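Trainee: Quick one: sequence plus predicted model below, questions after.
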Amino acid sequence: MELSKNYSPAEIENKWYEHWLQKGYFKSEPDSREPFTIVIPPPNVTGVLHMGHTLNETVQDILVRKARMSGYNACWVPGSDHASIATEAKVVGMLKEKGIDKNNLSREEFLKYAFEWKEKYGDIIYSQLKKLGCSVDWDRTTFTMDDHYYKAVIKVFVDLYNKGLVYRGARMIHWDPVAKTALSDEEVEYKEITGKLYYIKYKIVNSELSAVSKETPDLAETTHNSPLTTDYIVIATQRPETIMGDTAVCANPGDERYNKLLGKYVLVPLINKKVPIIFDEYVDKDFGTGILKITPAHDINDYNIGLKHNLSIVDTLNDDGTLSEAAQIYVGEDRFVARKKIVEELKQKGLLIKEEEYQTRLGFSQRTNSVAEPKISTQWFVRMKALADPALKAVTDGEIKIHPGEKFLATYKYWLENVKDWCISRQLWWGQQIPAWYDEDGRFVVAENEGEAKKIFNTQYSTNNTQLKQDEDVLDTWFSSWLWPIEVFNGITEPDNKDINYYYPTSVLVTGQDIIFFWVARMIMAGMEYKKEKPFSDVYFTGMVRDKQGRKMSKQLGNSPDLLDLIDKYGADAVRFGIMISSPAGNDLLFDEASLEQGRNFNNKIWNALKLVKLWEGRKSESNLSEGAEAMILSQMTMNIDLGVMPVVPIGLLSEDNFATQWFENRLNEVTIEIESLYKQFRLSEALKIIYSLIWDDFCSWYLEWIKPGFEQPIDENVYNKTVYFFEQLMQLLHPFMPFITEEIYHLLKEQTDDLTVKQFEKPEKPGHTILEQGNILKEVITAIRDVKNKNQVKPKEKIRLHIQTEHKHNYTSIEDILSKQVNAESISYTHHPIENSLSILVGKDKFFIETDQVIDTGVQKEQLEKDLEYLKGFLNSVEKKLSNERFVQNAKAEVIELERKKKADAETRIKIIEESLSTI
RNA sequence: GGGAGCAUAGCUCAGUUGGUUUAGAGCAUCUGCCUUACAAGCAGAGGGUCCGCGGUUCGAACCCGUGUGCUCCCA
């Protein structure tokens, strides 16, 4: 078969994904094996995969594929999240484009559109997962609004309500004026912005009047025409549009500037509403003018002060962020427009003293990016304390391990220890409708359905056939996602079914650190509450994917690449490689297309190694060993066991080239063991680096060159078979990271009876130290000789005669062939004295003399030797200093001292050899 | 304001209980090569005050203190 010049991933990737699906390799059913379970963090149903997802899904696929190839019953559950706010916003936007206003639709009509939208776009995300090669069990695909899932959410809500853990009440919450819904505290992101502080005059009402008119209801009216003192106080505020909601002004009781005003009143500018001056320790004397306006309806701190001082609450904002009737002025204007107009009016009336820029933090809605408004509102809440305690314990006891632990444990702990009640109602239609039913008087009951609700209602309120109306609101998306690891296996709706009993708790959760509170902590709470057991054993946090300048990826910056474009350009394997190669757990990843290019080049390197091996396939020669020689080698092998050299497990017969095959076999075992340990520590990026280097350097650059036959020469059949076997092993090691090319190569190497995706890893043998060490010496000698040739401008093509001066000749006899091939030597001989007119180098304690037909420039050589000498002398000096330090010799461990002595002796020998060489030049 | 983490080569990062050399890798750079698998390549090389200062120790990239800078979380 003719193999193309370069590897082209496109058709190959599609072909294998289809094949794997058709074979059902990703399907999982409970059996006698140990399960390895991952539930995907469900992406938003109408979204697309961005680079953050790509990293996440790749990590999960690596873990799942590795488990599947290691004897586990691997189950990766895919799915998507209905994402109430985000999706509803998209559907509303889509309707708007069609000229349809959501307000003119009934709930049912709207939901019909929403489901249509979901049907149309919900699969995009799945097709991207396929492109990326994700080995998920498609038969288990779950959506958070599936019937059973919907029921589970309702069941949990009712259950928590009955346990007293869900309640309804008026609290200060964050309001999103664009989405027109309440938000949880977690859905508000604080951003540093440059705001303005406006210094506004509040007139002080004269004391006589204030004393008598304190209880006057129509205060604003009466004060208009009242005699006023010329005194005023100045209040700094960043929100002048809320002054109409002021119900007091407040200073610190210890502030001498203001405490004489005790019992007095001021007039709120523009509307001349009379409000009292109150005092509270909360006020910071040094901030602004030291006196604050108190607007309990629109600030959490003001709200608390209001409660304490029994102030009334005047809500001056509508749900859409415009000013309400209560504001009296600028009614219907947007809050920011109103701010400008009010500032202008204050200016005109001489009530604005000054404006000052200042840094402040503002809360923004995570979903709509609008400025969130603190607002008093009646909503549904989850009482968190009781749920938080077991969730905290599961992590602090080490039952659930977080990776990287040191970084996130403290964050997790802090949040759970200080957790506030969770606002779970949203004023939306897309989501699970809250199962509370009300009568006309606002009396309500909570039940799983209307029939049930009526029964309970009638009993509870001793009435009959009352008309009940269900709560209009839906539940927070996260109130459904926190059940994910349970309900994907129907663990809420059908407790104790065989799936939930087998797959739960899941093995690993892989997710972004940004949703540690939204999702991870709450899943642990739900798990502890409903399964009395952790939902997963390990949590692996990936970092955020940024661009190479370290900026967040965003649509505005246009620095967020399209996944499918990248796959088209480089192939899915290369994308997976590129994103994994530099992403240590928990650290942000600076995404650079250059690393995808590196991945593509790696593909190509593997492809070319395949081409080389296939070139040899037709040129196999039978083993040139007689049966007698074979027996001899086998007996040597037995001896080698005693010497610590790993015997080769014969694939076919042994050959004369067996140093290379033995060395590589051991190297392969060494790396396989190393990889295993890295997997256990979730150090996937490092594991990939090691495999990359094993394939590129050890296999391609060294091993294949060592066994490469001369031009058009045949290759020993046994060496060939071994090489194919090694290649298969390498592909297996790499498969979890780069599934497509490895499967393709596996099948191109030879006729296979199975597929790599499900091929089980063999347990690696313990590698032999001696042969690995010998391999290192060989590599070092080759590199050193090439270097000296390079530095002395000896052309690689030029033949050399190599003379080795060593006390350990046996180290070299078995590798002579490889050595001469690699440094282009026409002869190798051993010597006891320096060779005239040659280049000499030192490796360890052995000297190598390189004879060429070329005239040698001794200057270059001398320079190099002197440099080496200088280094060694410096080194020797530092070792001697250590050894001559009495306290070191007294205190250090014996083996450390021994080592230093050996270093000293080695350095001295080497210095002697170099000085000898220098004297002969 | 409270808390956490980080600072090692031009860039991105390893560096295990303090001692295997005067600190490693990949990418980038430089030099030489179109050598029959691969120029998306091969063979080599150069490059570091381990953020500053102080301490503990026979010995510190590593432990402690402190300063500086960056990132994240929370209010």
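Mentor: All right, it came through fine. Quantities reported herein were computed from a predicted structural model and do not represent experimental measurements.

Trainee: To what extent is the closest residue to RNA strand B within chain A buried, counted in neighbours?
Mentor: Nearest to RNA strand B, among the residues of chain A, is A:Gly874, at 1.3 Å (Cβ to the nearest atom of the strand). In this view, the C-beta of every residue, glycine as well, is placed from N, C-alpha and C. Neighbour count of A:Gly874, defined by other Cβ atoms under 10 Å: 11.

Trainee: Assumed it was part of a strand.
Mentor: No - counting by DSSP: H, G, I helix; E, B strand; the rest coil, A:Gly874 falls outside a strand, being helix.

Trainee: any weak-confidence spans in the stretch 401-550 of chain A?
Mentor: A:406 (pLDDT under 70).

Trainee: Those residues of it touching RNA strand B, which are they?
Mentor: With the criterion set to Cβ under 7 Å from any atom of the strand, the stretch 401-550 of chain A comes near RNA strand B through A:406-407, A:410-411, A:414-415, A:418, A:513-514, A:517, A:548, A:550.

Trainee: with those in mind, which one is nearest to A:Tyr725?
Mentor: A:Lys548 (40.2 Å; Cβ to Cβ).

Trainee: That closest one contacts A:Asp592, correct?
Mentor: Yes - with contacts counted by Cβ atoms under 8 Å, A:Lys548 reaches A:Asp592, the gap being 4.3 Å.

Trainee: Report the separation between the residue of chain A closest to RNA strand B and A:Asp868.
Mentor: 11 Å (Cβ to Cβ, to the nearest Å).

Trainee: Check A:Val39 too.
Mentor: 59 Å.

Trainee: A:Ile376 too?
Mentor: In terms of Cβ to Cβ, A:Ile376 sits 79 Å off from A:Asp868.

Trainee: Repeat that for A:Phe659.
Mentor: A:Phe659 is 29 Å from A:Asp868, by Cβ to Cβ.

Trainee: cool, A:Glu494 as well?
Mentor: To A:Asp868, A:Glu494 is 74 Å away according to Cβ to Cβ.

Trainee: Which one of these two is surrounded by more residues?
Mentor: Higher neighbour count among A:Glu494 and A:Asp868: A:Asp868, with 17 against 14, using other Cβ under 10 Å.

Trainee: residues in contact with that one?
Mentor: For A:Asp868, the contacting residues are A:842, A:914, by Cβ atoms under 8 Å, 6 or more residues apart in numbering.

Trainee: State the three-state secondary structure for it.
Mentor: Secondary structure of A:Asp868, per three-state DSSP, is helix.

Trainee: ok, now the one 3 residues further on?
Mentor: Assigned by three-state DSSP, the conformation of A:Tyr871 is helix.

Trainee: List only those of the residues of the stretch 401-550 of chain A next to RNA strand B flagged as buried.
Mentor: Neighbour counting with 16 or more other Cβ atoms under 10 Å marks A:415, A:513, A:517 as buried within these.

Trainee: Mind listing what's buried along the one helix or strand A:Arg171 maps to?
Mentor: In this structure, A:Arg171 sits in strand A:166-176 according to DSSP states H and E. Within strand A:166-176, the residues that count as buried by 16+ other Cβ under 10 Å are A:166, A:168, A:171-176.

Trainee: Is any residue of it near RNA strand B?
Mentor: No - judged by Cβ under 7 Å from any atom of the strand, strand A:166-176 stays clear of RNA strand B, getting no closer than 10.0 Å.

Trainee: Strand partners (parallel or antiparallel) of that strand?
Mentor: In the sheet, strand A:166-176 lines up against strand A:181-183 (antiparallel), strand A:373-382 (antiparallel) (DSSP bridges).

Trainee: Let's have those strands in JSON lines, adding mean pLDDT.
Mentor: Below are the strands paired with strand A:166-176 laid out as JSON lines (pLDDT from 0 to 100):
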{"stretch": "strand A:181-183", "mean pLDDT": "92"}
{"stretch": "strand A:373-382", "mean pLDDT": "93"}
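
Trainee: Determine which residue lies closest to the centroid of chain A.
Mentor: A:Thr542 (1.6 Å; Cα atoms, centre = their mean).

Trainee: Correct me if wrong: that residue contacts A:Glu57.
Mentor: No - using Cβ under 8 Å, A:Thr542 makes no contact with A:Glu57, being 10.1 Å away.

Trainee: Name the spans of the stretch 251-400 of chain A whose pLDDT lies under the cut-off.
Mentor: Those would be none, if you go by pLDDT under 70 across the stretch 251-400 of chain A.

Trainee: how about the residues of it that lie near RNA strand B?
Mentor: With the criterion set to Cβ under 7 Å from any atom of the strand, the stretch 251-400 of chain A comes near RNA strand B through A:300, A:361.

Trainee: Okay, strands next: where are they in the stretch 251-400 of chain A?
Mentor: Here the stretch 251-400 of chain A has its strands, by DSSP state E, counting those that start in this stretch, at A:265-268, A:273-279, A:291-294, A:352-365, A:373-382.

Trainee: what's the closest of the ones you listed to A:Cys700?
Mentor: strand A:352-365 (51.9 Å).

Trainee: buried ones in the closest one?
Mentor: A:352-353, A:363-365.

Trainee: Next: stretch A:437-444.
Mentor: Buried, per 16+ other Cβ under 10 Å, within stretch A:437-444: A:437-438, A:444.

Trainee: Same list, these, but as JSON lines with secondary structure please.
Mentor: Shown next, in JSON lines, are the buried residues of stretch A:437-444 (three-state DSSP):
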{"residue": "A:Trp437", "secondary structure": "strand"}
{"residue": "A:Tyr438", "secondary structure": "strand"}
{"residue": "A:Phe444", "secondary structure": "strand"}
